[in-house]
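1. I need the structure of the sequence given here:
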Amino acid sequence: MALPNAVVSKQALPWHVLVSCGISLICPVKRILFFAFLLISLTARPQYRIIAYTTSGDSVVARYPVHKLTHIIFSFLRIKNDTLCFANENQRKALMGIVALKKQNPGLKVMVSIGGWGGCYSCSELFSTDARRKTFARTTVELFREYHIDGLDLDWEYPAIEGYPGHPYKPEDRDNFSELIRSLRAEMGDRFLLSFAAGGFIDYLERSVDWKTVMPLVDMVNIMSYDLVGGYSTVTGHHTPLYSGKDSAQSADRAISWLLNKNIPSGKLIMGSAFYGRVWREVPDTAHGLYQSGKFTRGVAFKEFNHYFSDSSGFNYYWDKKAKAAWRYDPAKKLFATFDDQRSLAEKVKYIKNRHLGGIMFWELAQDKEKEGLIELIYEKLKQAHQ
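-> Now for the predicted structure:
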């Protein structure tokens, strides 16, 4: 779970490599230099993860700078008869193609995800009994061994609290989620990675997860610090802010600070970013549309920004110094847009460095530009963080 060597300033070398290079411990000077090098290597900063969620197959994924990613999470597989499986043959082939990309990118880890917004209707019932949890864990590992998958990401939205409208949930989900993690780790051992996508808002953090039980068993938690103002909201705001622009607003910092205050290891926390914007209509021209009434109308992929927010589009650009977040507003059409961009992501990378987090993830790969996109910006900024 590390960035490619090109983005790391210090790499520890195995003892036998040092000896084969002629470093003798007999010479006092060489001995001092050796131990100095060893100390620097052992105290080097952890390497950061760059994690891409994708729903696309290898023909699309391969058009992006895969060598600058550490993990790809293929989304979403299905559960049938308590068994992890593919939705159809096309999905199976797509996953096989992505796994094959590891041949040219040996440091890449390919994981699969279940759930998602609207994709976990049965989770509350499915994971409520020990027998069904163990069946799921066993069949998951069997699938991993057959298809050379590196791990599982659980995207249950959400245990114990309301998520997608109409999806069942109950208070017992919190403990059942812990038991699910236990069952998966018992089957996986150290061979496979285990993570989960966490809601980036306080209600989820407080009620959905027993953090003390779960965190020692998972490799990382992917914090969905986006859609914090979602499509159901009738008031505009920043959907993926770094900081809370107003006291009541959710933000990446609010979620991460909450977790760090619970002594969650910072290196297991992965900040989320959005490679898309959200647009509201019928927004009055007050405060350039920010925190005003409106109706959600559509999403816009980052790769469409130059067209949708062109100089002639009528959208003006604004920057919230407190939230470290961008937005656009068209006063003629009364359209408001909230999004991550190069400026906000640069601020997020600084934050990751300063808080010693484990890295960054994003939804989703195919929304980026194939060249000179946000992946490359993140990669270069994290590279600078090591220099």
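2. drop to CA atoms for contacts and neighbour counts, all remaining ones
-> Fine.
3. top helix in the chain by residue count?
-> When the chain is parsed with DSSP state H, its longest helix is helix 130-147.
4. Note down every partner strand of the helix or strand following it and its orientation.
-> Going down the chain from helix 130-147, the next helix or strand is strand 151-155, by DSSP states H and E. Under the criterion DSSP bridges, strand 151-155 sits next to strand 109-115 (parallel), strand 193-199 (parallel) in its sheet.
5. With mean pLDDT and distance to residue 66 as added columns, please give the ones you listed in a markdown table.
-> Output for the strands paired with strand 151-155, formatted as a markdown table (pLDDT from 0 to 100; distance: least, C-alpha to C-alpha, whole Å):
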| stretch | mean pLDDT | distance to residue 66 |
| --- | --- | --- |
| strand 109-115 | 98 | 11 |
| strand 193-199 | 98 | 19 |
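6. With mean neighbour count and distance to residue 154 as added columns, please give those in a markdown table.
-> Converted to a markdown table, those look like this (neighbours: other C-alpha atoms under 10 Å; distance: least, C-alpha to C-alpha, whole Å):
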| stretch | mean neighbour count | distance to residue 154 |
| --- | --- | --- |
| strand 109-115 | 23 | 6 |
| strand 193-199 | 22 | 4 |
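7. can you redo these as a markdown table with distance to residue 100?
-> What follows is the strands paired with strand 151-155, written out as a markdown table (distance: least, C-alpha to C-alpha, whole Å):
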| stretch | distance to residue 100 |
| --- | --- |
| strand 109-115 | 10 |
| strand 193-199 | 18 |
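8. which regions of the stretch 1-150 of the chain lie under the pLDDT threshold?
-> Counting by pLDDT under 70, the ranges of the stretch 1-150 of the chain that qualify are 1-46.
9. for it, what spans make up the helices?
-> Secondary structure of the stretch 1-150 of the chain by DSSP state H, counting those that start in this stretch: the helices cover 15-20, 28-42, 58-61, 89-100, 123-126, 130-147.
10. Residues contacting the longest helix of the chain, please?
-> By C-alpha atoms under 8 Å, 6 or more residues apart in numbering, the residues outside helix 130-147 that reach it are 82-85, 96, 99, 126-127, 149-151, 179-180, 183-184, 187-188.
11. got a list of what residue 279 touches?
-> Residue 279 neighbours (C-alpha under 8 Å, 6+ apart): 296-300, 335-338.
12. Repeat that for residue 367.
-> Residues in contact with residue 367 (C-alpha under 8 Å, 6+ apart) are 275-276, 301-303.
13. Of those residues, which belong to strands?
-> Residues of the contacts of residue 367 located in strands (DSSP state E): 276, 301.
14. mind putting the contacts of residue 367 in TSV, pLDDT included?
-> Putting the contacts of residue 367 into TSV (pLDDT from 0 to 100) gives the following:
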residue	pLDDT
275	98
276	98
301	98
302	98
303	98
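15. about what we covered before: buried stuff in the longest helix of the chain?
-> For helix 130-147, the neighbour count (16 or more other C-alpha atoms under 10 Å) marks 132-142, 144 as buried.
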